[in-house]
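Participant: sequence isn't available, so here's the structure alone:
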């Protein structure tokens, strides 16, 4: 696999525009493989002020140790750069973040300088198109400290083969113990700390262009807020989440969690008890 080393963090805004402009020629084209390309960004400082802002927006307490979802945020610009690349076969506007499966191998300090690596792999058919893993890795020196392959769905993508049934995480059967109020500007606030300025999250005017009457909050905000809602986390852990239904802004949701095996099962639910997100976490 070829490795392309970047000299600076990609700017996500222009990449979203590039992906939108180049989307027409990619739609409906049969796909049999993903680019054998990794993007690498080496020797990256994390930014204490930005981390503090991120923690305030998603509900984490601020400590020297960074949450696993923060490391996902650091790899996101590389994900966007790879998916907006001319060689990438799917249109960026048609990609849907379906699930996450991230592992924090050990506590990571905000003072550590990091090497970020992203690649796409494991292309396979899905009932609604095609899915693939956008594998992110974070290294400190020569040690891999985090791995997080989010699963993306390319709606309408054409890949040979028959789709297989995916594992569904069970939601806890307990009453929500927390209620969260999500302000109308939460999408803009999260975009400022995460760098994800997808228009569907920013305002009613921009979200309507993509079929949403109101803006929806980022799935990664919901993921991070759920882990923050659990309180004290293990020093090393694996966290899995599946996104079920978007959360419109402004809104109100409940958070339910229950002990399961050696960890927790949790869910973010709407007023009728239907899940927006289901997940679990266990020591790694």
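Facilitator: Looks like it came in fine. Note that this is a predicted model, so its numbers are computed, not measured.
Participant: can you report how many residues neighbour residue 54?
Facilitator: If you count neighbours by other CB atoms under 10 Å, residue 54 ends up with 23. (C-beta placed from N, C-alpha, C; glycine too.)
Participant: make 11 the starting number, not 1.
Facilitator: With 11 as the first residue, the last one maps to residue 64.
Participant: that one reaches residue 83, doesn't it?
Facilitator: Yes: at 6.7 Å, residue 64 counts as touching residue 83 under the criterion of CB atoms under 8 Å.
Participant: common neighbours of those two, please.
Facilitator: Residues touching both residue 64 and residue 83 by CB atoms under 8 Å, 6 or more residues apart in numbering: 203, 204.
Participant: show me where the stretch 61-210 of the chain has its helices.
Facilitator: 78-94, 196-204 (DSSP state H, counting those that start in this stretch).
Participant: out of the ones you listed, which is closest to residue 169?
Facilitator: When those are compared by CB to CB, helix 78-94 sits nearest residue 169, at 16.1 Å.
Participant: distance between that closest one and the chain's centre?
Facilitator: 8 Å (CA atoms, centre = their mean, to the nearest Å).
Participant: any idea of the angle it forms with helix 196-204?
Facilitator: Using axes from the mean of the first three to the mean of the last three CA atoms, to 10 degrees, the inter-axis angle of helix 78-94 relative to helix 196-204 is 90 degrees.
Participant: okay, now the sheet partners of the strand or helix carrying residue 53, with direction.
Facilitator: For residue 53, the host element (DSSP states H and E) is strand 47-54. Neighbouring strands of strand 47-54 in its sheet, by DSSP bridges, are strand 12-15 (parallel), strand 124-136 (antiparallel).
Participant: how about these, which one is nearest residue 90?
Facilitator: Of these, nearest to residue 90 by CB to CB is strand 124-136, at 9.4 Å.
Participant: just give me the residue closest to the centre of the protein.
Facilitator: Centroid-nearest residue in the chain, with CA atoms, centre = their mean: residue 230, separated by 4.6 Å.
Participant: how about that residue, what does it touch?
Facilitator: Contacts of residue 230 (CB under 8 Å, 6+ apart): 79, 82, 83, 86, 107, 110, 200, 204, 206.
Participant: quick one, phi psi at it?
Facilitator: phi -70, psi -20 (degrees, to the nearest 10).
Participant: likewise residue 263?
Facilitator: Main-chain torsions, residue 263, degrees, to the nearest 10: phi -140, psi 160.
Participant: looking at the strands paired with strand 47-54, which is closest to residue 252?
Facilitator: Of all the strands paired with strand 47-54, strand 124-136 comes closest under CB to CB, at 13.7 Å.
Participant: would you confirm that residue 219 contacts residue 212?
Facilitator: No: using CB under 8 Å, residue 219 is not in contact with residue 212, being 10.5 Å away.
Participant: these two: which has the busier surroundings?
Facilitator: Neighbour count, other CB under 10 Å: between residue 219 and residue 212, residue 212 has more, with 17 against 9.
Participant: so which residues make contact with the helix or strand bottoming out on mean pLDDT in the chain?
Facilitator: Least confident helix or strand of the chain, by mean pLDDT, DSSP states H and E, is helix 22-31 with a mean of 82. By CB under 8 Å, 6+ apart, the list of residues contacting helix 22-31 from outside reads 86-87, 90-91, 93-94, 101-103, 205-209.
Participant: tilt between it and helix 78-94?
Facilitator: Counting by the same axes, to 10 degrees, helix 22-31 lies at 40 degrees to helix 78-94.
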